[in-house]
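Participant: any chance you can model this:
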Amino acid sequence: QVQLVESGGGLVQPGNSLSLSCAGSGRTSSSTVMGWFRQAPGKEREFVAAVRWSDRSTRIANSVKGRFTISRDNAKNGVVLRMNSLKPEDTAVYYCAAGQRLIYSDLPVVGRYDTWGQGTQVTVSS
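Facilitator: Take a look at the predicted model:
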């Protein structure tokens, strides 16, 4: 089973950029999916982005589409979330997650991921 460790969070001003990295240990396969979710205080955990190992296809939440991208990091057996044009409403704890054999409609579903990182705080504020 994959274990996940996030890094790269911090305090950033609105309009700036930040990259989050997720390093995975353990076995991955063509059926692996890795994604990012976030959770703001008092809110439910929400989907941000995911990428499928089989074909590198991605899915991005509408709330961040055009600003965030997700990509595989083969060197770390994980994923990178690149966040541009950050807004205060992007402030949250960001979690990396991994699952197996997710179809496209499953990608935003929290319960379909069986491995989670510890989370990293992103604060967007001037």
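
Participant: going forward, measure contacts and count neighbours with C-alpha atoms only.
Facilitator: Will do.

Participant: just say helix, strand or coil for the residue most central in space within the chain.
Facilitator: Centroid check for the chain by Cα atoms, centre = their mean gives residue 36 as the closest residue, at 1.8 Å. Following DSSP: H, G, I helix; E, B strand; the rest coil, residue 36 is assigned to strand.

Participant: quick one: it and residue 97 touch, right?
Facilitator: Yes - using Cα atoms under 8 Å, residue 36 is in contact with residue 97, at 6.1 Å.

Participant: ok, back up a step: separation between the residue nearest to the centre of the chain and residue 13?
Facilitator: 21 Å (Cα to Cα, to the nearest Å).

Participant: got it, and residue 62?
Facilitator: For residue 62, the distance to residue 13 equals 22 Å [Cα to Cα].

Participant: quick check: end-to-end length of stretch 13-21?
Facilitator: Start-to-end span of stretch 13-21 (Cα to Cα) is 19 Å.

Participant: pLDDT of that stretch, averaged?
Facilitator: Throughout stretch 13-21, pLDDT has a mean value of 98.

Participant: just the buried residues of that stretch, please?
Facilitator: For stretch 13-21, the buried set under the neighbour-count rule, 16 or more other Cα atoms under 10 Å, comprises 14, 17-21.

Participant: okay, now residue 74: neighbour count?
Facilitator: For residue 74, the neighbour count with other Cα atoms under 10 Å is 10.

Participant: what's the answer for residue 111, then?
Facilitator: When neighbours are counted by other Cα under 10 Å, residue 111 registers 9.

Participant: hey, where'd the strands end up in this structure?
Facilitator: Taking DSSP state E as the criterion, the chain carries its strands at 3-7, 10-12, 18-25, 32-39, 46-52, 58-60, 68-73, 78-83, 92-100, 115-116, 120-124.

Participant: could I get those strands as a markdown table with distance to residue 106?
Facilitator: Shown next, in a markdown table, are the strands of the chain (distance: least, Cα to Cα, whole Å):
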| stretch | distance to residue 106 |
| --- | --- |
| strand 3-7 | 20 |
| strand 10-12 | 29 |
| strand 18-25 | 20 |
| strand 32-39 | 10 |
| strand 46-52 | 10 |
| strand 58-60 | 10 |
| strand 68-73 | 17 |
| strand 78-83 | 18 |
| strand 92-100 | 10 |
| strand 115-116 | 15 |
| strand 120-124 | 24 |
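
Participant: this completes my enquiry, with thanks.
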